[in-house]
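Chemist: compute the structure for the input listed below.
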Amino acid sequence: MSTPTTSSENAAQPRLNYRQASPKGVAGMMALQQAVNASGLEASVIELVKLRASQINGCAFCIDMHFREAKRAGETDERLYLLNAWAETSAYTSRERAALRWTETLTRLADRHVSDELFDEVRGHFTDAELVNLTLAIIAINGWNRLSVGFKVPPGAKF
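Modeler: The predicted model follows:
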């Protein structure tokens with residue numbers, strides 16, 4: 001019987017190394033990510049947003065990375081394994097729930113309309129600056145997801 005491999009032992013390679021192919025483009029993405037990280041939004045909200053968008057986009061690399069980062073930051077197993085069903089549980093604060101609803105809507109723009117009701121709900125939990133920063137966090141993770149999915153970056157890949 002063979003032993004299953006972990007994501008760090010995964011021998012698969014990305015289709016291409018996007019960091020090498022476009023260092024200036026990746027530097028731009030990194031600058032956006034650094035702005036999000038320094039925005040003042042709670043780390044827990046940012047990590048939940050990153051993980052939920054990555055789940056929606058089917059980004060194995062980002063799901064693996066953000067699950068691990070959330071655990072290191074003290075996130076509970078329960079909140080992480082229930083994230084796919086966040087709307088069906090009381091494990092998240094009303095602010096986190098608003099952030100997750102905003103994340104799902106902006107990540108699935110082709111399928112969803114951003115209603116005035118949703119905007120008003122989210123705005124009730126975030127200041128204008130926080131709402132812009134939350135939106136930038138969603139933009140950033142969706143960009144990273146598209147790079148990782150498009151170039152088939154496996155979980156645990158090192159560049």
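Chemist: longest helix anywhere in the protein?
Modeler: Using DSSP state H to assign secondary structure, the helix with the most residues in the chain is helix 128-150.
Chemist: tell me what that one is packed against?
Modeler: The contact analysis (3 or more C-beta pairs under 8 Å, 6 or more residues apart in numbering; DSSP states H and E) places helix 128-150 against helix 23-37, helix 43-57, helix 60-72, helix 94-107, helix 116-123. In this view, the C-beta of every residue, glycine as well, is placed from N, C-alpha and C.
Chemist: just the pLDDT at the most centrally placed residue in the chain, thanks.
Modeler: Closest to where the C-alpha atoms of the chain average out (C-alpha atoms, centre = their mean) is Lys50, at 1.5 Å. Lys50 is assigned a predicted lDDT (pLDDT) of 98.
Chemist: contacts only, for it.
Modeler: For Lys50, the contacting residues are 62, 66, 69, 137, 141, taking C-beta atoms under 8 Å, 6 or more residues apart in numbering as the criterion.
Chemist: again, only this time at 7 Å
Modeler: If a contact means C-beta atoms under 7 Å, 6 or more residues apart in numbering, then Lys50 has 62, 66, 141 as its contacts.
Chemist: can you list those residues in CSV and add distance to Asp111?
Modeler: CSV is the format used below for these (distance: C-beta to C-beta, whole Å):
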residue, distance to Asp111
Cys62, 20
His66, 23
Ile141, 18
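Chemist: pLDDT below threshold where in this structure?
Modeler: Along the chain, the model assigns pLDDT under 70 to residues 1-11.
Chemist: could you redo the last one with a cut-off of 90?
Modeler: Low-confidence regions of the chain, defined here as pLDDT under 90, cover residues 1-12, 111-113, 158-159.
Chemist: contact partners for Val36?
Modeler: Val36 makes contact with 46, 133, 136-137, 140 under the criterion C-beta under 7 Å, 6+ apart.
Chemist: switch to 6 Å and redo it
Modeler: 136-137, 140 (C-beta atoms under 6 Å, 6 or more residues apart in numbering).
Chemist: what of Ser115?
Modeler: With C-beta under 6 Å, 6+ apart, Ser115 has no contacts at all.
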